[in-house]
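In: this one's sequence-less:
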């Protein structure tokens, strides 16, 4: 009885394997999808990458800054689709015959108020050094031969929320941990900003946010991510204010 059961089990397994082999032979793989080199994480962060123009009727796909760009050549122009994992945006582009497209990571165009997840407290006459992270904005640029680089499209980032301030006008607001060591690469490209905070007053300071104004020329690729030059801020009694750089500084 036991031998009969073992033979039946073996025969059943052979029939299943035969059916599986037959099914595999009937499956035909579709054409491979061709992508340009991916730049999906800060570990592979790069500040700039070309976006080749496809032939009419074709399309080009580029993974960049945690999202995906799809450029399609139509009869009357070009259609651009931006996918960031949560939403999509479409753009219609008119491009000259000569020139190239390039997608770049840029600093936010407006002042940024970084709300730290850690409560910042500075005793009188004290200093504090750390790092905050600011989301970078993907931008699409057009470069024609012999001409300056022209900004075409700003691709939105949900991490940057615009708000109105009666004194400073429109500003961005974002959140970040206050890192006491150089941050590890983030899933989406962010600028690691070294900040030096000083409280020269006689009272305790507890700033609600860290004000920053970043520039594209300050961005540097460093340690598998992107960093900026150090930013020095001083407590004025009601807020942090930038201090002029006394000398040329490099990211730390």
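Out: Structure received. Keep in mind that this is a model prediction, so the values were computed, not measured.

In: what is the least confident helix or strand in the chain?
Out: In the chain, the helix or strand scored least confidently by mean pLDDT, DSSP states H and E is helix 2-26, which has a mean of 47.

In: next helix or strand past that helix?
Out: strand 48-51 (DSSP states H and E).

In: in the stretch 101-250 of the chain, where is pLDDT below threshold?
Out: Low-confidence regions of the stretch 101-250 of the chain, defined by pLDDT under 70, span residues 245-250.

In: show me the strands in it, by range?
Out: Secondary structure of the stretch 101-250 of the chain (DSSP state E, counting those that start in this stretch): strands at 112-116, 126-135, 137-143, 150-154, 161-165, 169-176, 190-199, 210-212, 220-222, 225-227, 231-235, 240-242.

In: in TSV: these, plus mean neighbour count and distance to residue 105.
Out: Just so you know, the C-beta spots here come from the backbone N, C-alpha and C atoms, and that holds for glycine as well. Output for these, formatted as TSV (neighbours: other C-beta atoms under 10 Å; distance: least, C-beta to C-beta, whole Å):
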stretch	mean neighbour count	distance to residue 105
strand 112-116	19	15
strand 126-135	19	10
strand 137-143	19	6
strand 150-154	14	12
strand 161-165	10	19
strand 169-176	17	15
strand 190-199	22	9
strand 210-212	21	16
strand 220-222	14	10
strand 225-227	23	7
strand 231-235	20	18
strand 240-242	16	23
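
In: got a markdown table for those, with distance to residue 61 too?
Out: A markdown table is the format used below for the strands of the stretch 101-250 of the chain (distance: least, C-beta to C-beta, whole Å):
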| stretch | distance to residue 61 |
| --- | --- |
| strand 112-116 | 31 |
| strand 126-135 | 23 |
| strand 137-143 | 14 |
| strand 150-154 | 16 |
| strand 161-165 | 29 |
| strand 169-176 | 28 |
| strand 190-199 | 24 |
| strand 210-212 | 33 |
| strand 220-222 | 24 |
| strand 225-227 | 23 |
| strand 231-235 | 37 |
| strand 240-242 | 41 |
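
In: which stretch among those comes nearest residue 85?
Out: Closest of the strands of the stretch 101-250 of the chain to residue 85 is strand 137-143, at 13.0 Å (criterion: C-beta to C-beta).

In: what packs against the closest one?
Out: The contact analysis (3 or more C-beta pairs under 8 Å, 6 or more residues apart in numbering; DSSP states H and E) places strand 137-143 against strand 100-106, strand 150-154.

In: residue 130 is nearest to which of those?
Out: Nearest of the helices and strands packed on strand 137-143 to residue 130, taken as C-beta to C-beta: strand 100-106 at 22.7 Å.

In: which positions within the closest one qualify as buried?
Out: For strand 100-106, burial by neighbour count (16 or more other C-beta atoms under 10 Å) applies to 101, 103, 104, 105, 106.
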